[in-house]
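Peer 1: Predicted model and sequence follow; I will ask about them next.
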Amino acid sequence: MSQVLNRLGKKTAKYIAVGRITLKQQLAYRMDFLMRSMFMLLILYVFMQLWTAAYSAQGGGLQATMGGFSLKDIIWYLVLTEAFSLAFPRLCTQIEEEVKNGGVAVRLLTPISYNGYQYFVYMGEGLLRFLILLACGSAIGLLFVGPPEFGGGWAAFAALGLGNFTLAFLLNLCVALCAFWVEETRGLEFVLQKLQFTAGGMLIPLDLMPHWLQQICVWLPFQAVLYFPAKAAVSGGAGLGGYLLLQLLWIVLLGGLAAWIYARGVRRLNVNGG
């Protein structure tokens, strides 16, 4: 038993080291963080103006509601979803380049799971970006509508945060691993991003969508990436149990799908770069 635990501890330490190295590397790209933050602030400013005009048409300003969301709720919802969206690394581009230049062959020979390696790199890069973008987005949110009234929503948001990053990784990994067959996956990545923007509830909460569209989105994994954590935060933690259960279910399903795609892809991988 002790040998098994010792072996497991050594393997876990490898993955943690990968995440730590990635985190240190990202700290060197200050200009990248600055550009992302400026881009996010611009997007948030535009959408804040649009939503402010929409709520003003309803009358009541900050007190008006649509679909159970006040203007303050919508603004903070956008802060969270935009921070997540811009924080997610471009996994498809990275794996596509590895396949094209032959770097994937070296990666497959290392004594560490390929999917596990990509996961910890993804998390190390994405979580740091998210914290910085959340701080920038919160600054403009405080300036326009004041502090959020989340209450217990912060705890629910934190509970769903790791799961939504894991789901985003698995969705992107399933698409990125298609590079083992087609090499060019940016078209598929484009479709995935647009599905996250719409069916994932990034630009508008699912509650404000037409009923027929809500019924479709319920059966898709995209809502668990962006909508669940943002909605749980602004609603004070309501529905947390159901959200966590659905997140876990999609993680298991997509994890199995990614493992299957990887196993099939490795067997027929044709490296062009060396």
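Peer 2: Okay, I see it. Numbers count the residues shown, from 1 in each chain.
Peer 1: Could I get the buried residue list for stretch 157-172?
Peer 2: Buried residues in stretch 157-172, defined by neighbour count with 16 or more other C-beta atoms under 10 Å: 157, 159-161, 163-172. Glycine gets a C-beta too; all of them are placed from N, C-alpha and C.
Peer 1: and it, C-alpha only, in CSV?
Peer 2: The C-alpha coordinates for stretch 157-172 follow below in CSV (Å, rounded to 0.1, in the frame of the first residue of the first chain):
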residue,chain,number,x,y,z
PHE,A,157,-18.7,30.4,-7.9
ALA,A,158,-15.4,29.0,-6.4
ALA,A,159,-16.9,25.5,-6.2
LEU,A,160,-17.9,25.5,-9.9
GLY,A,161,-14.7,27.3,-11.1
LEU,A,162,-12.4,24.3,-11.2
GLY,A,163,-15.0,22.2,-12.9
ASN,A,164,-15.7,24.7,-15.6
PHE,A,165,-12.0,25.0,-16.5
THR,A,166,-11.8,21.2,-16.6
LEU,A,167,-14.8,21.1,-18.9
ALA,A,168,-13.4,23.8,-21.2
PHE,A,169,-10.2,21.9,-21.4
LEU,A,170,-12.0,18.6,-22.3
LEU,A,171,-14.1,20.3,-25.0
ASN,A,172,-11.0,21.9,-26.5
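Peer 1: Can you list the neighbours in contact with that stretch?
Peer 2: 80, 84, 88, 91-92, 118-119, 122-123, 126-127, 130, 150, 189, 192, 196, 221-222, 224-226, 228-230, 232-233, 240, 243-244, 247-248, 250-251, 254-255, 257-258 (C-beta atoms under 8 Å, 6 or more residues apart in numbering).
Peer 1: Which of the buried residues of stretch 157-172 fall in helices?
Peer 2: Among the buried residues of stretch 157-172, the members found in helices (DSSP state H) are 157, 159-161, 163-172.
Peer 1: Kindly check the end-to-end length of stretch 176-187 for me.
Peer 2: End-to-end distance for stretch 176-187, by C-alpha to C-alpha, to the nearest Å: 11 Å.
Peer 1: likewise stretch 221-241?
Peer 2: Stretch 221-241 has an end-to-end distance of 16 Å (criterion: C-alpha to C-alpha).
Peer 1: From the contacts of stretch 157-172, list the buried ones, please.
Peer 2: Taking 16+ other C-beta under 10 Å as the criterion, what is buried in those is 80, 84, 88, 91-92, 118-119, 122-123, 126-127, 130, 150, 189, 192, 196, 221-222, 224-226, 228-230, 232-233, 240, 243-244, 247, 250-251, 254-255, 258.
Peer 1: Run a quick neighbour tally on Ala176.
Peer 2: Neighbourhood size, Ala176 [other C-beta atoms under 10 Å]: 26.
Peer 1: swap in Val252?
Peer 2: Using other C-beta under 10 Å, the number of residues around Val252 comes to 11.
Peer 1: next one: Lys231
Peer 2: 27.
Peer 1: and the nearest residue to it once chain neighbours are set aside, what are its phi and psi?
Peer 2: Counting by C-beta to C-beta, 6 or more residues apart in numbering, the nearest residue to Lys231 once its immediate chain neighbours are dropped is Pro205, at 6.4 Å. Note on Pro205: backbone dihedrals following degrees, to the nearest 10 are phi -60, psi 150.
Peer 1: got it, and Arg90?
Peer 2: According to degrees, to the nearest 10, the main-chain angles of Arg90 amount to phi -90, psi 80.
Peer 1: likewise Ser70?
Peer 2: Dihedral pair for Ser70: phi -80, psi 170, per degrees, to the nearest 10.
Peer 1: show me where the stretch 51-200 of the chain has helices.
Peer 2: If DSSP state H, counting those that start in this stretch is used as the criterion, the helices of the stretch 51-200 of the chain fall at 71-87, 91-101, 103-109, 114-145, 153-176, 179-182, 186-198.
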